[in-house]
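*Asks:* Starting from these lines, generate the structure:
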Amino acid sequence: MPSREDLLRYLWTDIIDVHGRDEGLDNLIANCARDPNAAFSDAGPAVERLLAAGASRRDLCVVLRSTAYDAVFGTLYALDDPGVADGESVLMLHEELLTADPSGREGRPDSQAT
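*Replies:* Numbers count the residues shown, from 1 in each chain. Sure, this is the predicted structure:
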């Protein structure tokens, strides 16, 4: 099991900083195009529209990186407060995340509440 420092380093390098890389936008677009009905596949076309409208790739990476930080921070905070009931495990909880989408669409296009 990794130390706290190892986990935090992993979260920075593999979850947060990955969005600061320019090729990350291309990967996002390509992954979304492979399965247009997959969870969050509408993100690829949204990025393409923003780029076509003149948004800079660097600015989009900054926004994505900031959003990734907010998500990691919020998740770590929630594990502490409110936490989970005594005796309940958070192991493999990531496998259930999409099922918690209130729309029932598991993050697929048009699942975002307006």
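*Asks:* going forward, measure contacts between C-alpha atoms and count neighbours the same way
*Replies:* Noted.
*Asks:* Now the spatially most central residue of the chain: which helix or strand?
*Replies:* Most central in the chain under C-alpha atoms, centre = their mean is A68, positioned 5.9 Å from the mean C-alpha point. For A68, the host element (DSSP states H and E) is helix 57-80.
*Asks:* circling back to that earlier point, chain neighbours aside, what residue packs nearest to the residue nearest to the centre of the chain?
*Replies:* I16 (5.2 Å; C-alpha to C-alpha, 6 or more residues apart in numbering).
*Asks:* which helices and strands does the helix holding A68 pack with?
*Replies:* On a contact count with 3 or more C-alpha pairs under 8 Å, 6 or more residues apart in numbering; DSSP states H and E, helix 57-80 meets helix 22-34.
*Asks:* So S103 versus R58, what's the distance?
*Replies:* 32 Å (C-alpha to C-alpha, to the nearest Å).
*Asks:* D81 now?
*Replies:* Taking C-alpha to C-alpha, one finds D81 at 34 Å from R58.
*Asks:* of those two, who's got more company?
*Replies:* R58 (13 against 10; other C-alpha atoms under 10 Å).
*Asks:* correct me, but the more buried one touches D22?
*Replies:* Yes: the pair R58 / D22 is scored as a contact, 7.0 Å apart, by C-alpha atoms under 8 Å.
*Asks:* Can you name the residues in contact with stretch 79-99?
*Replies:* By C-alpha atoms under 8 Å, 6 or more residues apart in numbering, the list of residues contacting stretch 79-99 from outside reads 106-107.
*Asks:* One more: stretch 59-77?
*Replies:* Contacts to stretch 59-77, defined as C-alpha under 8 Å, 6+ apart, come from residues 11, 15-22, 24-25.
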